[in-house]
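> What would the 3D arrangement of this be:
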Amino acid sequence: MPANDDLPDTVVLDTCVLLSNPLRWLLLRLGAQQCFRPVWSPVIGDEWRRNAGRAWGLDPADARARWDALQQLFPDASQEGIEPFKAGIARSDPKDWHVIAAGRAALALRPAARVAVLTRNIKDFNRAELRRLGLGLFDPDRFLARCLWRYPALLAALLDEMPQAAAAAGRPVEPLDAVLRRERLFRVNRLLALPDYGMPAAPRRDAAP
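Residues are numbered from 1 along each chain as shown. Predicted coordinates for the structure are as follows:
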């Protein structure tokens, strides 16, 4: 079992994570339950509106309204004035410096916080550089697996709702196993099969016959 202090209390949600409807739904509910504090940069907001509009056929006003509604849920999430916090970043992909800068800004506001970047694009971030800057780095699967150890009852309940949440975005209702595999949450999928979580080891209740 991972140590509790392996789980950050402040998490920069990268655009690629927020664009996934099931992941966004799950992560923001964890944030609302104060499992961690979600943060992002203004650039992440711009990227989300642009890419959401393209992916879902939204006009700019609709994309902005959806982002503004998300911001209202977490009014302290956006880290403004992050340009000075790009200083000293050299080894990570320049297009993602704003993500790191948002994490550094959050850390400056709360120096005792454990701050990490959550992204699917791990290769674009230099882990040693982030460590030097006081930041952690997670992909969604590893992060949510840690959350499952820390908050097993809450995660199990949310994951039970996840297929319906995914369907609300226009997909057919699928078994949880299929949703987790599509979102590349392979560790989480394996952990849910362990008897420690109150799930049958075999067969999985949502497994294919």
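
> Which elements pack onto the one helix or strand in the chain whose mean pLDDT sits lowest?
Of all helical and strand segments in the chain, the minimum by mean pLDDT, DSSP states H and E falls on helix 152-167, at a mean of 90. Helix 152-167 is packed against helix 21-32, helix 140-150, helix 176-182, helix 186-192, with contacts defined by 3 or more CB pairs under 8 Å, 6 or more residues apart in numbering; DSSP states H and E. C-beta coordinates here come from the backbone N, C-alpha and C atoms, glycine included.

> can I get those helices in TSV with mean pLDDT and distance to A166?
Formatted as TSV, the helices and strands packed on helix 152-167 follow (pLDDT from 0 to 100; distance: least, CB to CB, whole Å):
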stretch	mean pLDDT	distance to A166
helix 21-32	96	4
helix 140-150	94	14
helix 176-182	93	5
helix 186-192	93	14
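
> measure stretch 80-98 end to end?
11 Å (CA to CA, to the nearest Å).

> Over to stretch 47-63?
11 Å.

> residues making contact with that stretch?
The contact list for stretch 47-63, computed with CB atoms under 8 Å, 6 or more residues apart in numbering, reads 15, 18-19, 64, 66-67.

> Please flag which of these sit within helices.
Taking DSSP state H, the ones among these that sit in helices are 15, 18, 64, 66-67.

> buried ones in the least confident helix or strand of the chain?
Within helix 152-167, the residues scored as buried using 16 or more other CB atoms under 10 Å are 155, 158-159, 162-163, 165-166.

> got a markdown table for these, with distance to E183 too?
Converted to a markdown table, the buried residues of helix 152-167 look like this (distance: CB to CB, whole Å):
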| residue | distance to E183 |
| --- | --- |
| L155 | 14 |
| L158 | 13 |
| L159 | 11 |
| M162 | 9 |
| P163 | 11 |
| A165 | 12 |
| A166 | 9 |
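
> got any ranges where this structure has weak pLDDT?
Counting by pLDDT under 70, the ranges of the chain that qualify are 1-5, 168-170, 196-209.

> buried sites along stretch 179-194?
Neighbour-count burial for stretch 179-194 [16+ other CB under 10 Å]: 179-180, 183, 185, 187-189, 191-192.

> go on, stretch 71-81?
74, 77-79.

> In a helix, G136, correct?
No - G136 is assigned strand when assessed by DSSP: H, G, I helix; E, B strand; the rest coil, not a helix.

> in the sheet, who's paired with it?
For G136, the beta-bridge partners under DSSP bridges are A116.

> What separation do you get for it and E183?
Counting by CB to CB, to the nearest Å, the gap from G136 to E183 is 21 Å.

> again with Q34
According to CB to CB, Q34 stands 23 Å off from E183.

> give the contact list for F74.
28, 31, 38.

> One more pass at 10 Å, please.
13, 28, 31-32, 37-40 (CB atoms under 10 Å, 6 or more residues apart in numbering).

> next one: L144
Going by CB under 10 Å, 6+ apart, the list of residues near L144 reads 23, 26-27, 30, 118, 138, 155, 158-159, 180, 183, 185, 187-188, 191.

> Quick check: the gap between D141 and A55.
22 Å.
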